[in-house]
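S.K.: 3D, please:
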Amino acid sequence: MGLRDDISAWSVVRQLRVRDGLALGKAAQSARQATLRPRTAEADDVVKSICPYCAVGCGQRIFVKDGEITQIEGDPDSPISRGRLCPKGAASRNLVQSPLREYKVKYRRPYSKEWEELDLDIAVDMIAERLIKTREETWQDEDEEGRHLHRTLGFAHLGGATLDNEENYLIKKFFTAMGAIQIENQARI
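M.R.: From the prediction side, this is the model:
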């Protein structure tokens, strides 16, 4: 392949030859581009879902091949998003399939420089013990004037929009029952 062949393969040369100055037709396509197919064409299944990132609830179409997500697009049937997704919603495949995703509980002891893996049951027990201990140490039954408080200011909860309504409802009920009064959700902020 000579220099002349290389230059004639450039799209700008094709645009000038076929008088397609805006590159709206065949002049804008390369031989490689003409053979490309979308990732969605080879999907085994298309699953409808809701984006987990914020409280908007955009519809998603998740394309699956061989049990793996190959593409996520906006669902045009969604009355909320009408086929559009923000960059986070379009990249939500990484929540499931990212090579950086952690699958084990990591814990760094006080003053340590290293992370260690913990069994999930041990980690949950540690959290529960600390929550109960903090509640006992910071419980306020009454104020100075004898008014009933039945609360703790020792801990708070800030939920995330990646949780669904049912999970947030249960978390709100749990922390209220524990006496916390600082309970908020990022989806409402």
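S.K.: contacts and neighbour counts: CA atoms only from here.
M.R.: OK.
S.K.: and residue 126, how many neighbours?
M.R.: By other Cα atoms under 10 Å, the residues close to residue 126 number 11.
S.K.: could you do the one 4 residues further on as well?
M.R.: Around residue 130 there are 12 other residues, counting by other Cα under 10 Å.
S.K.: repeat that for residue 159.
M.R.: Each residue near residue 159 was counted by other Cα under 10 Å, and the total is 17.
S.K.: quick check: bridge partners of it?
M.R.: Taking DSSP bridges as the rule, residue 159 bridges to residue 185.
S.K.: give me the distance between it and residue 168.
M.R.: 7 Å (Cα to Cα, to the nearest Å).
S.K.: for the two, list the residues in contact with both.
M.R.: residue 185 (Cα atoms under 8 Å, 6 or more residues apart in numbering).
S.K.: quick check: longest helix of the protein.
M.R.: Under DSSP state H, the helix in the chain containing the largest number of residues is helix 120-138.
S.K.: list the buried residues for that one?
M.R.: For helix 120-138, a neighbour-count test (16 or more other Cα atoms under 10 Å) marks residue 135 as buried.
S.K.: list the contacts of residue 101.
M.R.: Contacts for residue 101 were tallied using Cα under 8 Å, 6+ apart; they are 94, 95.
S.K.: for it, phi and psi?
M.R.: Phi and psi for residue 101, reported as degrees, to the nearest 10, are phi -70, psi 130.
S.K.: okay, it: pLDDT?
M.R.: The pLDDT attached to residue 101 in the predicted structure is 85.
S.K.: do residue 31 as well
M.R.: What the model reports for residue 31 is a pLDDT of 73.
S.K.: now swap in the one 10 residues further on and tell me
M.R.: If you check residue 41, the pLDDT there is 83.
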